[in-house]
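>>> with the input below, show me the fold.
(2 chains)
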Amino acid sequence: MLALTRKKNEAIVIDGNIEIKIIDVQGDKVKIGIAAPKNVTVHRQEIYVQIKHANQESSNLQLQQINQLQHFMKGMQREE
Amino acid sequence: MRLNTRNFGEIEVEDQKVIMFEEGIPGFEMLKKFTFIDSEDDVFNYLQSIEDTDICFIIVDPYKFVKDYAPVINESYFQKLGGGESEEFVLFSIVCLKNCIEESTINLAGPLLIHSEYKKGIQVVTEDRKYRVNHKLISLLNGER
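As a prediction, the model looks like this:
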């Protein structure tokens, strides 16, 4: 991994069209500004990891669970 | 085409019912083609992988659980699906069924964005921290968050 030292208000440019700027540094928190083309997605890594784990957990569906869910929903609809 | 699925047995999928996820979804990057399967109730539906017939997700319309659901979605996601008017896009949330319904959760931080005309989809990593990947379904049904 390339490691660069930057001060507040300094920036790096990736591939000529993505700019990452250090906006503020306070203790162990760094505020970063990102300017990128509209087709570039930027997100917090930990949210991505949470979504990945949630997907893995959600994908392992058993027929029994589906039946249970449909049974539950029929009960709910009868109550209404 | 005919698919022999683990949970729904043999199903027929017409070509125009195939939704392309060109990037896959996180954790399933290799799976690009999915199709919707309706259920008997009007809340839960299924997103079935075409390439791996064992893989299937329960999906819901998040607005049925959170009326004012308004995640911040970066413009890039709309662009990746081909852009267009906002009414051409639909959001779904993935439900994680646990051992009992009471423990089951809904992922509001990573909704599926679908372009209904182009039949393309992508999973969004929302930018705000208002929503989590694991809101309890039951609490939402009871109006809590």
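>>> count of neighbours near residue 49?
In the absence of a named chain, chain A is used. For residue A:49, the count of nearby residues is 14 (other C-beta atoms under 10 Å in any protein chain shown). For every residue, glycine as well, the C-beta is placed using N, CA and C.
>>> try chain B instead
By other C-beta under 10 Å, 23 other residues sit near residue B:49.
>>> partners of it in the sheet?
residue B:34 (DSSP bridges).
>>> pretty sure residue A:31 is in a helix, no?
No - using DSSP: H, G, I helix; E, B strand; the rest coil, the assignment for residue A:31 is strand, not a helix.
>>> show me where pLDDT drops low in chain A?
Residue ranges of chain A with pLDDT under 70: A:77-80.
>>> where is the longest strand in it?
strand A:18-26 (DSSP state E).
>>> ok, chain B next?
From DSSP E, the single longest strand across chain B is strand B:89-96.
>>> is that one positioned near chain A?
Yes - applying C-beta under 8 Å from any C-beta of the partner chain, one finds strand B:89-96 in contact with chain A at B:94-96.
>>> for residue B:65, state which of those residues is nearest.
Set against residue B:65, the nearest of these by C-beta to C-beta is residue B:95 (9.5 Å).
>>> give me the three-state assignment for the residue lying closest to the closest one once chain neighbours are set aside.
Counting by C-beta to C-beta, 6 or more residues apart in numbering or on different chains, residue B:95 lies nearest to residue B:58, which is 4.2 Å off, once chain neighbours are set aside. What three-state DSSP gives for residue B:58 is strand.
>>> what bridges to residue B:58?
residue B:46, residue B:95.
>>> my read: it touches residue B:46, true?
Yes - between residue B:58 and residue B:46 there is a contact under C-beta atoms under 8 Å: 6.1 Å.
>>> who has more neighbours, those two?
residue B:58 (24 against 19).
>>> ok, now which ones touch the more buried one?
Shown in contact with residue B:58 (C-beta atoms under 8 Å, 6 or more residues apart in numbering or on different chains): A:58, A:61, A:66, A:69, B:44-47, B:94-95, B:97.
>>> one more pass at 7 Å, please.
For residue B:58, the contact set (C-beta atoms under 7 Å, 6 or more residues apart in numbering or on different chains) comprises A:61, B:44, B:46, B:94-95, B:97.
>>> cheers, nothing more for now.
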